[in-house]
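K.L.:
here are the coordinates; sequence isn't available:
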Ligand code: GLN
């Protein structure tokens, strides 16, 4: 049970003890939460994500339940608030990442809020594709410096995940991260700060490539996970997404391709010859996006790549 220092409720001792719970009590809490998760068809591991972030428990002690034998476990908030958070998860379908304020992505733990899309595991592939797409020697015969030493853009950066992934993959490059949402940029900047990457990432508020006019013809690569869900499908997405994630980051217009079409059309003006155009799409859209690139006429080596589950989801091309 949560214990409280009655004699002096504001003493540091009482503040510490207020967030303290026995291992046995937390085990009971976890058992009850797991039952609720099963009943609500929510993945069981989410209970443990919450406990890892808010009770500082590690995965082995949760998996083996050794935390049960601890006399005291310090929580970042009272157990009653943990219960309230879990009720939000179950009843209101709030994604657990918004409850804890963090989401793991690649090797990073990123801050997230409802102002940004929760970075998805499939999006991690974009960074590996960008790394693999950079030729070991300059793609063009011109005497240009190696692509990884140049300018890359992450358009619609959201939490900053892609920009952070690129900055880590290409330490000598400058990453230009753009978003039209000031609230999203604030989250992206806080993530770059926490990861000591602010010197490598520049942030811009604006629409797609428009804030990067000074880089026209000079971009080595352009990466984006733009909104691509057809408008009428957005309300039908799972409630965690439809009710809580920003529709600005999801809604790609009538056929879902509005932003992708725009990026196909405007990027050739910004990419240098041999520069990389790389996006994530929805299942079923990749062929249409490859066709748009072909029709545009300024791209070659157009490629479609699958995600880890085998769904064709990424489209890559080089500026001629
Ligand atoms: N992959 C996200 C989803 O399935 C959508 C991301 C996007 O529109 N770019 O909800």
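P.N.:
Okay, I see it. Nothing here was measured: the structure is a model prediction, and the numbers come from that model.
K.L.:
thought residue 308 was touching residue 122?
P.N.:
Yes: here residue 308 reaches residue 122: they are 6.7 Å apart, a contact under CB atoms under 8 Å. The C-beta positions use only the backbone N, C-alpha and C, and glycine is treated the same way.
K.L.:
Could you check which of those two is surrounded by more residues?
P.N.:
With other CB atoms under 10 Å as the criterion, residue 308 and residue 122 differ in neighbour count, and residue 122 comes out ahead with 17 against 10.
K.L.:
Pull up the per-residue confidence for the closest residue to that one other than its chain neighbours.
P.N.:
Excluding its sequence neighbours, the residue lying closest to residue 122 (CB to CB, 6 or more residues apart in numbering) is residue 307, at 4.2 Å. Turning to residue 307, the model gives it a pLDDT of 96.
K.L.:
One more: residue 135?
P.N.:
Predicted confidence (pLDDT) for residue 135: 79.
K.L.:
Roughly how far does it sit from the ligand?
P.N.:
Distance, residue 135 to the ligand, by CB to the nearest ligand atom, to the nearest Å: 27 Å.
K.L.:
Need the three-state assignment for that residue.
P.N.:
Here residue 135 is recorded as coil under DSSP: H, G, I helix; E, B strand; the rest coil.
K.L.:
And it, its phi and psi?
P.N.:
The phi and psi torsions at residue 135 (degrees, to the nearest 10) take the values phi -70, psi 150.
K.L.:
and it, how many residues sit next to it?
P.N.:
Other residues within reach of residue 135 by the criterion other CB under 10 Å amount to 13.
K.L.:
cool, and residue 95?
P.N.:
Using other CB under 10 Å, residue 95 is surrounded by 21 other residues.
K.L.:
Okay, helices next: where are they in the protein?
P.N.:
Counting by DSSP state H, residue ranges of the helices within the chain are 12-18, 23-40, 45-55, 59-63, 79-92, 96-100, 124-133, 161-169, 182-194, 239-244, 258-270, 286-296.
K.L.:
Residue 108 is nearest to which of the ones you listed?
P.N.:
Taking CB to CB, helix 161-169 is the member of the helices of the chain nearest to residue 108, at 6.0 Å.
K.L.:
still on that earlier bit, count the neighbours of the residue nearest to residue 122 for me.
P.N.:
Neighbour count for residue 307, taken as other CB under 10 Å: 18.
K.L.:
That one contacts residue 125, doesn't it?
P.N.:
Yes: judged on CB under 8 Å, residue 307 makes contact with residue 125 at a distance of 5.6 Å.
K.L.:
Now list whatever residues contact both of those two.
P.N.:
Both residue 307 and residue 125 are in contact with 313-314, where contact means CB atoms under 8 Å, 6 or more residues apart in numbering.
K.L.:
The ligand contacts on the chain?
P.N.:
Remark: the part of the chain in contact with the ligand comprises 117, 120, 225-229, 237, 241, 250, using CB under 6 Å from any ligand atom.
K.L.:
May I ask which of those has the most neighbours?
P.N.:
Note: the member of those with the most neighbours is residue 225, at 26 neighbours, neighbours being other CB under 10 Å.
K.L.:
Just to check, that residue is in contact with residue 127?
P.N.:
No: counting by CB under 8 Å, residue 127 is not a contact partner of residue 225; they are 11.1 Å apart.
K.L.:
which residues do the two both contact?
P.N.:
residue 162.
K.L.:
Now do the end-to-end distance for stretch 132-152.
P.N.:
Taking CA to CA, to the nearest Å, stretch 132-152 runs 15 Å from one end to the other.
K.L.:
likewise stretch 116-134?
P.N.:
Terminal residues of stretch 116-134 lie 28 Å apart, using CA to CA.
K.L.:
In this structure residue 241 contacts residue 250, no?
P.N.:
Yes: counting by CB under 8 Å, a contact exists between residue 241 and residue 250, whose distance comes to 7.1 Å.
K.L.:
Pop out the phi and psi values for the residue of the stretch 1-150 of the chain found nearest the ligand.
P.N.:
Of all residues in the stretch 1-150 of the chain, the one sitting closest to the ligand is residue 120 (5.1 Å; CB to the nearest ligand atom). As for residue 120, its main-chain torsions (degrees, to the nearest 10) stand at phi -100, psi 150.
K.L.:
What does the pLDDT read for it?
P.N.:
Reading off the per-residue confidence, residue 120 sits at a pLDDT of 97.
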